[in-house]
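Undergrad: how does the following fold in three dimensions:
(one chain, ligands or ions: 1)
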Amino acid sequence: MENASKNLERKWYQKLHWQVFIAMAVGVLVGYSPAGGFFAQYFGWLGDLFMRLLKMIIVPLVIVSIVAGVASAGGGKVVGRMFGKTLSYYVVSSLFAALVGLLMFNLINPGKGYPITDTGTQPPDLATPESPIDLLLNIVPTNFFASASAGDMLGIIFFSIVFGIALTTLPQKPRTKITDLVDILFKAMMSLTNGIIRLLPIGVFGLIVTLVGKTGLESFGNLFKYVLALGSGLSIHFLITIPLLLYFWGRVSPWKHLMNLREPLLVAFSTSSSAATLPVTLNTVQKKVGVSNRVTSFTLPMGATVNMDGTAIMECVGALFIAQALGAEIGFMTQVAVVITALLASIGAAAVPSAGLVVIFIILNVIGIGDNPEALLIVGGMLSIDRPLDMARTAVNVYSDSCAAVVVGKWEGETGINEKIHP
Ligand code: ASP
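TA: As a prediction, the model looks like this:
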């Protein structure tokens, strides 16, 4: 959280996104030079190291992020009722988000013709569940520790959600003992994640040198199509799906809500962190939108951690883009598996910059390409252009959280929400 606001005060060259941009430009130059192959061999390990660091934090980060987010609901009957309502909104809006991502992927097919497919590399066979029931069964782990050590993230996410819910049923004293501890662990993991993300320019340099050394500049054409698919998915969800949910569920004017929310949206856009934006979101949704403190203090902190529609779109488009770029056959069941996993991965993503790209490995693992070296290179390309996309998806994440507060407020019988546009 602090890191994101500090980022605003830094000189341009100290800002992470500029450093990543420069690293990418230098990586392209070095990789494209006549000695590109040699440099790729020499510097490629930097990218591998960075990827290992990202993978290292996934399991603990996802567990504490979900448990802290879900358990932040507190306890008691009223809270239980609000919890059900809030969770329904979060699941439905994130599911719609992932479906919008799927639609844009199928319309644009961003990975088709990716240069890796021309190099004679064998396309991988994706691990696909046989049926939706199979997928459902795979989500429930038989042994939590075995799932954690095997990196079976779906099982971990499922267990963390139900464990977080179980915590909310405990009496206040023992509950706060555990939730305080989880909060501390969560803060520590966020700080570790921020530290690793600071190394992004080094990782991007290593990955881009290897990518360009191997496939030249052609892969950037496909990356552009990925940006197009993701950008249009984010726009459709922001401008059509969420306003429709707001209108039909909340019975408020989507236009007034959008106008009232300008400030948090701008902060989300500039910080790329839902967590850093949370104080502004809370203030605006209470004072300008007019939702009570009782509802906002419940829905917004939880939403910042577990409700990430923009991230769900990115996970869905991104994972399918990688599979398609590798030339893999993407059947119907793979798409179903990716949508469900994208939804779960977005719940597990922490509310900090670039978290979406950390959890993309969850989906890649589920479809069986998490360790594919070519897939890792493509993730490197995506990392290098992620900042503007992260800004946009964070704004979508924050927007959806604010709409959840409105809808739950309305369902709780509150009046006077979004009555006028505040300056
Ligand atoms: N930066 C996003 C957020 O904080 C998470 C992501 O990277 O998708 O909401």
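
Undergrad: what does this structure put close to the ligand?
TA: Within the chain, the positions near the ligand by Cβ under 6 Å from any ligand atom are 272-274, 308, 311, 349, 351-356, 390, 393-394, 397. Glycine gets a C-beta too; all of them are placed from N, C-alpha and C.

Undergrad: and the residue of the stretch 101-250 of the chain nearest the ligand?
TA: residue 197 (9.7 Å; Cβ to the nearest ligand atom).

Undergrad: which residue sits closest to that residue, ignoring its sequence neighbours?
TA: Closest residue in space to residue 197, ignoring its immediate chain neighbours: residue 354 at 5.2 Å, by Cβ to Cβ, 6 or more residues apart in numbering.

Undergrad: look up phi and psi at the one you found.
TA: Main-chain dihedrals, residue 354, degrees, to the nearest 10: phi 70, psi 10.

Undergrad: residues near residue 95, how many?
TA: Using other Cβ atoms under 10 Å, residue 95 is surrounded by 16 other residues.

Undergrad: what pLDDT does it get?
TA: With respect to pLDDT, residue 95 scores 96.

Undergrad: the ligand versus that one, what's the distance?
TA: When distance is defined by Cβ to the nearest ligand atom, to the nearest Å, residue 95 is 17 Å away from the ligand.

Undergrad: still on that earlier bit, what about the residue of the stretch 101-250 of the chain closest to the ligand, which SS state?
TA: helix (DSSP: H, G, I helix; E, B strand; the rest coil).

Undergrad: restricted to helices, list the residues of the chain next to the ligand.
TA: Judged by DSSP state H, the subset of the residues of the chain next to the ligand located in helices is 274, 311, 355, 356, 390, 393, 394, 397.

Undergrad: which one is the third one nearest to, not counting chain neighbours?
TA: Leaving out its chain neighbours, the residue that sits closest to residue 355 by Cβ to Cβ, 6+ apart is residue 349, at 4.4 Å.

Undergrad: list the contacts of that neighbour.
TA: 65, 308, 311, 355, 356, 358, 359 (Cβ atoms under 8 Å, 6 or more residues apart in numbering).

Undergrad: what is the burial count for the first one?
TA: In this case it means residue 65. Neighbour count for residue 65, taken as other Cβ under 10 Å: 28.

Undergrad: which non-adjacent residue is nearest it?
TA: Per Cβ to Cβ, 6+ apart, closest to residue 65 is residue 350, 4.7 Å.

Undergrad: tell me the spacing between that neighbour and residue 306.
TA: To residue 306, residue 350 is 10 Å away according to Cβ to Cβ, to the nearest Å.

Undergrad: how about low-confidence regions in the stretch 51-200 of the chain?
TA: Applying pLDDT under 70 to the stretch 51-200 of the chain flags the ranges 73-78, 116-121.

Undergrad: give me the neighbour count for residue 92.
TA: By other Cβ under 10 Å, the residues close to residue 92 number 14.

Undergrad: these two touch, right, it and residue 242?
TA: No: if you go by Cβ atoms under 8 Å, residue 92 and residue 242 don't touch, sitting 10.8 Å apart.

Undergrad: can you tell me, leaving aside adjacent residues, what's nearest to residue 241?
TA: Sequence neighbours aside, residue 96 is the residue nearest to residue 241 in space, at 5.0 Å (criterion: Cβ to Cβ, 6+ apart).

Undergrad: thinking the one you found is in contact with residue 237, fair?
TA: Yes: assessed by Cβ under 8 Å, residue 96 is found in contact with residue 237 at 7.1 Å.

Undergrad: those two - which one has more neighbours?
TA: Each of residue 96 and residue 237 had its neighbours counted (other Cβ under 10 Å), and the higher figure belongs to residue 237 (28 against 22).

Undergrad: what does the pLDDT read for residue 7?
TA: pLDDT, read off for residue 7, is 55.

Undergrad: got a list of what the residue of the chain found nearest the ligand touches?
TA: For the chain, the residue closest to the ligand is residue 356, as judged by Cβ to the nearest ligand atom, at 2.8 Å. Taking Cβ under 8 Å, 6+ apart, we find residue 356 in contact with 308, 310, 311, 314, 315, 318, 346, 349, 386, 390, 393.

Undergrad: neighbours around residue 70, how many?
TA: Residues lying near residue 70 (other Cβ under 10 Å) number 25.
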